Every structure is written in structure tokens, then in C-alpha cells.
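Engineer: coords please:
(one chain, ligands or ions: 1)
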Amino acid sequence: MQQAYKLSRLYALLDKNRTPESYFHIRLGSNFPIILDLFERLYSTHPYKKEAFENLIEILINRHLERSEEQKKLDLHRSKNPNWYSSNEIVGMMLYTERFNQNFKGLEEKIPYFKKLGINTLHLMPFLDVPEPENDGGYAVRNYRETNPKLGSMEDFENLAKNLHQNGMNVIMDFVLNHCADTHQWAIKAKNGDEKYKEYFYFFKDRTIPDALEKTMLEIFPDTAPGNFTWLEEQKEWVMTLFHHYQWDLNYKNPRVLVEMIDNMLFLANKGVDIFRLDAVAYMWKDIGRFNQNLPEVHTLLQIFKMCGQVVAPGIAYIAEAIVAPEEIVKYFGEAEAEGNECDIAYNATFMALSWEAIASGNTDLLRKSMYSVPKKPMNTTWINYARCHDDIGLGFEDKLIQELGKNPLMHRLYMLRYYCDEQGTFGRGKRFMQEPNGNARLSGSMASLCGLEKALEEKNDFQIHLAQKRIHLQHAIILSLGGIPMIYSGDEIASTNFYNYLNESDKKHDNRWLHRPMMNWDIAENLEKYPIQKSVFENLKKMISLRKEIPAFADNNDLEFIDSGNSHLLVFKKTDKKGEHVWVICNFSEYETTFPSWFIGLNKNVKNLLTDEQFSLQYQNFIGRYDVLWLTLST
Ligand code: GLC
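Structural biologist: Residues are numbered from 1 along each chain as shown. Predicted coordinates for the structure are as follows:
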């Protein structure tokens, strides 16, 4: 297969007088055979193949024509800088518009807040039209062309996006493409027996096929949504619903579905989106007898989405939301000949989960071991580095690696759950999410509560408050320096503790992920001088963000190197910029002071800690405080 990512080089050779339209022709011409080839792989014998493909090409042309001049200019600029999202200058925050400040207009009013902190990339959690009250936090879309009226109109969203762009900010949006709401017009037509739309979903007359499929399907919400199929009493049929009963899986075996969804995505791209977070992609293809995650057909589908996006709106980047094992996640960047033709960004979920494991065990052996086993990712791709998000923390690290460290995987996970969730355990105020019969579970809770702040505040224990702040600082200092897009979870910048009010909302109380989806506390955020603890978390973060933007080594150039310092409490890594300048990041995961050796930098070398400006000469062993992080460079 040809590789389209070389287009950026082609652009450099072309004369400067070309119009955006002529670049479009080049893109369409060079990507056409790739898209066709991918399409054939999935649909070669499908009766709708020809009709769907012709329709797709027409959509690409029309959506391009609809794109604004401003957007086309930005597309060209980014095509020449294909790694723009890997810059050290990018710092993200994810938030629910409504919980942050009511609606799009409210969000716009807070642009100065983001600027103050240094945030320039906003991941707006799902904001499209959804059924009420149940919609899985917006992940059950009723209409891909309308916004949720509570937040404002599509025009309000476009104005918000324009305003953010004028302020040098990027917009990330969720594109929920594995499923839609059971109230989407396609689903309504299907319920009414319209055969065309029944083929948009997976319907079954009896349990024969569902039972066969279930054998190789994971259960995502075993407590609240057991099984992967829902019985429709009126229709007397089963429909596939991997997530909740009201989220119907879209049938990508039907090329019409793929084409409609590409059209929806490009429609939204033209409304001002810079990066799409492609939701729950691992599950997009299912077959009897095959494990329903990460099937090769999923990658083919994503490549078609990406290549069509490249033709119409090449400035847009794509995040794979696939919370899967490291050797599987790197495949979402496109493997072998498809390198560069799939997603540009993926979640560093293994690192995230292991950072919590390392805090609980005060030991980084598993974290380091796992990082050494992550396969290399292609150039021009990057990670979202995060410590918390709207979802639970899955303890999905690899059993084999835990065993190699001489530990029992289940016992180790149970230890972690007890550590974070049991009041008599330690400082954590987490909650178990989707507990299995053997006791294993996932983990909910806000960053501050998991780090011990909630408990320490209740107990008015100054020392524990100090330790909690240090843990929060540790988590933020790492995601800001690891290389990739650091994604701060809204509320964590002011150390928001668990949000127990969700228990009073009937549509939310059964899902404890709402524990860490707080309403933004503007009293704290706007009066930080009255709240010294939150102020220090905010100011620390702000300072680190501004430093990160001045340190080119914190861009992602596929240069990350983990170093085994010989001290199990430490995580050490080296980042290198394009000029060859290094920054060594040294993180102490222990609540006790410890030391780090100098051999990986050099004995007697003069170094500076960029976080404190402190300069010193490296000794054989060097002091590092409890939960401290150092960003070291050589000083002259
Ligand atoms: C993603 C979201 C999660 C949602 C699911 C279904 O995993 O992060 O919150 O429940 O997709 O759309």
C-alpha cells in the first residue's frame, strides 16, 4: 500500500503559488488508491460497495468545498508541520462543558482562566445531542449534527471554537463512533421495521448468534449492563449493545454505515474541531469466534477514517481511545506499510495505571519493566499523558510482568484496591468500580482524593496534607515531562476532592465514575488566596506548565529513554531535544527521602534543577526528597 504521510515532503517541493484547491486535488489523487484498497479489503463482495464508495468520494469533495478559507489555511500550515500536536508548547485540559461553566458561552467566558494556567488545548467531553436522562455522560449520541441544547446551538459551538482559535487554542472533541443512542433516527427507523436501517445495527431473532458471539466478548459494565445484547420486547428481537442497553452498536460490516459516519465526522471537522478523540475504537468490529477487541478490520476502518480526513481536512489529528495492552495500542498508530495512516495520538493508559500502582507500592519496578516492554511507536505519533480522566482506572497491566517480579497478579491488584479504597487501608478515598467475583475491580476517585487530600483535610493532619500535595505534584510533573500531550483533568488543578453529590442524582448514582466528575468549584478557583492548599497546587502546576513550554526536550521526538538507576523507588527518564540537549527527570515514588546515583549524567557534573533553579554538582549519591521530582539539565 502507498504511504500518504510522505505528502508533507511533497508539499515542500511544490511551488508556493498553488491554491488550497490544487492541494486538495493532489491529496485526493494520491489517497484515492489507498482508500479504495482499504475499502475493497472490507467490502469486496458487499452488494452496496459501489454505491457506498461513489457516495464517499462525493462527500469528500463536498465537505472540502464547505471548509472555510481559514480552515484550509490552517490545514496547509499543519501539513507542513505534521508533528504539530507533539510540541512541548501544547498543554491540554479535559472538561465537561456543563459541569465546568454551564454552556458554550460560559466556557468562552473562562478563556482567561485557561490562559492564566497555560492551557491551550481543550478536550470538550461529549457535547452532541443526547437522550435524557440516561446517556452515559454524553456517549450515546442521538444526533451527530446537533449539539446538546443545554450547552447551546451548533452556532454557539462554532463561535466558541473560533474564539478559542483566535486565542491560540485547539479543540478536541469526542467522536462516538462505535455506537449511537437507541433514539437516534437510524435506530428509530430500525425499530419501526425499516430494513435499510435495521442493517445499520446488529439484530438477531433469537439467542443463537448472540450466544456464540458472547463467548469471545468482554463485558464492559458487568454490574450495571450485563451481557452484550438487549432484548427489544416490542420488536421481539435482540440488538447488540456492548455498553449500555441504550447504546446500540453500529454495524460497520455495512459500508453505508461507514460512509455516513465519515460524513458526520467531516461535518463536525468543518465546525471547528482540531483533534478527534475516536471513542471506544477497539470494539468496532465483531465476529463469532474472534476476541472482540483490536481486530485487524478495526485498523482498516480507522485507516479509512484517517485517509478521508487527510483528503478533506489534513490539519486534523486523531486520537485512538483504545485502553488496551501496550503491544496492541501501538498498532493504532498504523503498522508496517500503514505506518502514519492511522491514528496520530493514543492514550498512555498503561503508564497512567502503573503510576498509581507505583505510588501504592512505593516502588517503580513494574512501571519500569512495563515501559521497557512497550514497542517503539512510529515517528510523528504521540501519547496523551494523563493521571486522571472521567473514566475509572483499570488495573489492566500485564500479569506476566507482575509474575516475573515474583508477585501474584490478583493479590497485587487486591493490595492496590485495598490501598486506595479501604478507609482503614491508607490515605486513599477511592471506590471500587465494577467489582468481579474474585475481588478484582477498577478504581474510581478524584486525583486529590486518591492522593490522600480528602482524608488529610478531614483529619486536619498538616503532614498528610503536605504528602498529598506532593503526590499531586508528582503526577503532574510526570505527565508534563514525559513527551506527548499532557492532559490535565479539570478540577485537578485546584485539587478537587471526590464529588459525592452524584448520589443524589437518580440517573448517575449507580455509576461511581461520577465521583470524579465534579462541578467546577469557582469559589475556590477564583479566590485562591482564601484557599492556600489549592492555591499551592494551582501555582505549582502553572509554573511547571510555563517551564514545559520553554523546554524543547519535552516535545515528543520519539526520544524518551527510561533509565534503570538501581533504586527501586525512582523513575528516571531522559528527554532529548533536536539539538541534542538532555533533560533528566528523576521522580521519587516513595514517601521517604532517598538518593539517586550520578552515573547516568556523570560524576561531578554541574546540574541545574529547572523546577527550582537550584544548581549543584553531582556526587556519587544525591539526595531526593519524598515524592520529589527533579528536572535536571547540565549547567555551565
Ligand atoms: C469510552 C468513554 C466512556 C464511555 C464509553 C462508551 O470508553 O471514555 O466514558 O462509557 O467510551 O462510549
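Engineer: Count the residues that sit near the residue in the stretch 501-636 of the chain that the ligand sits nearest to.
Structural biologist: In the stretch 501-636 of the chain, no residue comes nearer to the ligand than Arg513, which is 7.0 Å away by C-beta to the nearest ligand atom. From N, CA and C alone the C-beta is placed, and that goes for glycine too. Under the neighbour criterion other C-beta atoms under 10 Å, Arg513 is assigned a count of 20.
Engineer: Now do the same contact list for it.
Structural biologist: Residues near Arg513 by C-beta atoms under 8 Å, 6 or more residues apart in numbering: 137, 390-392, 433, 444.
Engineer: which residue does the stretch 351-500 of the chain bring closest to the ligand?
Structural biologist: For the stretch 351-500 of the chain, C-beta to the nearest ligand atom, closest residue to the ligand: Asp391, 4.7 Å.
Engineer: Relative to Asn170, how far out is the residue nearest to that residue when sequence neighbours are not counted?
Structural biologist: Nearest residue to Asp391, sequence neighbours excluded (C-beta to C-beta, 6 or more residues apart in numbering): Arg513, at 6.2 Å. To Asn170, Arg513 is 26 Å away according to C-beta to C-beta, to the nearest Å.
Engineer: From Cys389, how far out is Asn163?
Structural biologist: Counting by C-beta to C-beta, the separation of Asn163 from Cys389 is 25 Å.
Engineer: What of Lys236?
Structural biologist: In this view, Lys236 and Cys389 are 39 Å apart by C-beta to C-beta.
Engineer: Same question for Glu454.
Structural biologist: 19 Å.
Engineer: Show me the domain layout of this protein.
Structural biologist: 1-178+250-343, 348-556, 561-634 (automatic domain parsing).
Engineer: How about the longest one and the ligand, any contact?
Structural biologist: Yes. For a cut-off given as C-beta under 6 Å from any ligand atom, domain 1-178+250-343 has contacts with the ligand, namely 136-137, 139, 176, 279-280, 321.
Engineer: which residues of the chain score low on pLDDT?
Structural biologist: Along the chain, the parts satisfying pLDDT under 70 run over 1-17.
Engineer: Show me what the residue positioned nearest the centre of it is bridged to.
Structural biologist: For the chain, the residue nearest the mean C-alpha position is Tyr347 (4.5 Å; C-alpha atoms, centre = their mean). The partner list for Tyr347 in beta bridges (DSSP bridges) reads Ile384.
Engineer: Quick one: residues contacting it.
Structural biologist: Counting by C-beta under 8 Å, 6+ apart, Tyr347 touches 319-323, 329, 383-384, 386.
Engineer: give me that answer again for 10 Å
Structural biologist: Tyr347 is in contact with 277, 319-324, 329, 332, 383-386, 389, 391, 484, 487, counting by C-beta atoms under 10 Å, 6 or more residues apart in numbering.
Engineer: Let's see the longest helix anywhere in the chain as PDB, backbone CA atoms only.
Structural biologist: Determined from DSSP state H, the single longest helix within the chain is helix 20-43. Only the C-alpha atoms of helix 20-43 are listed here, as PDB (Å, rounded to 0.1, in the frame of the first residue of the first chain):
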ATOM      1  CA  PRO A  20      -5.700  25.200  -1.400                       C
ATOM      2  CA  GLU A  21      -7.900  23.700  -4.100                       C
ATOM      3  CA  SER A  22      -4.900  22.400  -6.100                       C
ATOM      4  CA  TYR A  23      -3.500  20.800  -2.900                       C
ATOM      5  CA  PHE A  24      -6.900  19.100  -2.400                       C
ATOM      6  CA  HIS A  25      -6.600  17.600  -5.900                       C
ATOM      7  CA  ILE A  26      -3.200  16.300  -5.000                       C
ATOM      8  CA  ARG A  27      -4.400  14.800  -1.800                       C
ATOM      9  CA  LEU A  28      -7.500  13.200  -3.400                       C
ATOM     10  CA  GLY A  29      -5.400  11.800  -6.200                       C
ATOM     11  CA  SER A  30      -2.700  10.300  -4.000                       C
ATOM     12  CA  ASN A  31      -5.000   9.000  -1.300                       C
ATOM     13  CA  PHE A  32      -7.700   7.700  -3.700                       C
ATOM     14  CA  PRO A  33      -6.000   4.300  -4.400                       C
ATOM     15  CA  ILE A  34      -5.300   3.800  -0.700                       C
ATOM     16  CA  ILE A  35      -8.900   4.500   0.300                       C
ATOM     17  CA  LEU A  36     -10.100   2.200  -2.500                       C
ATOM     18  CA  ASP A  37      -7.800  -0.500  -1.500                       C
ATOM     19  CA  LEU A  38      -8.800  -0.400   2.200                       C
ATOM     20  CA  PHE A  39     -12.500  -0.200   1.200                       C
ATOM     21  CA  GLU A  40     -12.100  -3.300  -1.000                       C
ATOM     22  CA  ARG A  41     -10.500  -5.200   1.900                       C
ATOM     23  CA  LEU A  42     -13.600  -4.900   3.900                       C
ATOM     24  CA  TYR A  43     -16.400  -4.800   1.400                       C
END
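Engineer: In the chain, which residue sits nearest the ligand?
Structural biologist: Counting by C-beta to the nearest ligand atom, the chain gets nearest the ligand through Tyr139, at 3.2 Å.
Engineer: residues from the stretch 351-500 of the chain in reach of the ligand?
Structural biologist: For the stretch 351-500 of the chain, the contact set with the ligand under C-beta under 6 Å from any ligand atom comprises 390-391.
Engineer: Tell me where the stretch 351-500 of the chain has strands.
Structural biologist: 382-385, 431-433, 442-444, 485-489 (DSSP state E, counting those that start in this stretch).
Engineer: what about the strands in the stretch 201-350 of the chain?
Structural biologist: 203-204, 229-232, 237-240, 247-249, 275-278, 317-320, 345-347.
Engineer: Which positions within the fifth one qualify as buried?
Structural biologist: Read that as strand 275-278. 275-278 (16 or more other C-beta atoms under 10 Å).
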